[in-house]
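Participant: I need the structure of the sequence given here:
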Amino acid sequence: MNAIKKYAGLIWMLLGPLAIYYLVKTAAGEIEKKPLLDTWIQWGVFTIVALPIAAGMVIFGYYAWQEEYDHLPEETE
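Facilitator: This next block holds a predicted model:
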């Protein structure tokens, strides 16, 4: 299971920048099609919200790749 966590971390680290790339590419295409202020605002908000999410994906993946999640604490009741 720990090996799966480690390689899933690599996938998360790759998905973060890839998601931002496609988001920016899509935003640029949509703004080019309809260059009005409302389009700029809409895609600006989408991008601003998605950047921290993608950064979190990369950080989560980094910790998984470094095997930080291999020894999770036991739940006590």
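Participant: Now tell me what touches stretch 47-57 from outside.
Facilitator: The contact list for stretch 47-57 (Cβ atoms under 8 Å, 6 or more residues apart in numbering) reads W12, M13, L15, G16, P17, A19, I20, L23, V24, A27. Where C-beta positions appear, they are placed from N, C-alpha and C, glycine not excepted.
Participant: Name the helix or strand for the fifth one, please.
Facilitator: Secondary structure assigned from DSSP states H and E places P17 in helix 2-33.
Participant: List the buried residues of that helix.
Facilitator: K5, K6, G9, W12, M13, G16, A19, I20, L23, A27 (16 or more other Cβ atoms under 10 Å).
Participant: Quick one: mean pLDDT for it?
Facilitator: If you average the pLDDT over helix 2-33, you get 90.
Participant: after it comes which helix or strand?
Facilitator: helix 37-65.
Participant: rewinding a little: just checking, what packs against the helix holding P17?
Facilitator: When contacts are defined as 3 or more Cβ pairs under 8 Å, 6 or more residues apart in numbering; DSSP states H and E, helix 2-33 packs onto helix 37-65.
Participant: Just want the angle from the helix it packs on to helix 2-33.
Facilitator: Per axes from the mean of the first three to the mean of the last three Cα atoms, to 10 degrees, the angle that helix 37-65 makes with helix 2-33 is 170 degrees.
Participant: Near the closest residue to I11 other than its chain neighbours, how many residues? Count them for me, please.
Facilitator: Excluding its sequence neighbours, the residue lying closest to I11 (Cβ to Cβ, 6 or more residues apart in numbering) is G61, at 7.0 Å. Close neighbours of G61, defined as other Cβ atoms under 10 Å, add up to 20.
Participant: Hmm, G61 is touching G9, no?
Facilitator: Yes - taking contacts as Cβ atoms under 8 Å, G61 lies within contact range of G9: 4.3 Å.
Participant: now for stretch 28-40, what's the gap between its first and last residues?
Facilitator: Counting by Cα to Cα, to the nearest Å, you get 9 Å between the two ends of stretch 28-40.
Participant: That one: how far from the chain's middle?
Facilitator: 23 Å (Cα atoms, centre = their mean, to the nearest Å).
Participant: Fine by me, we can end here.
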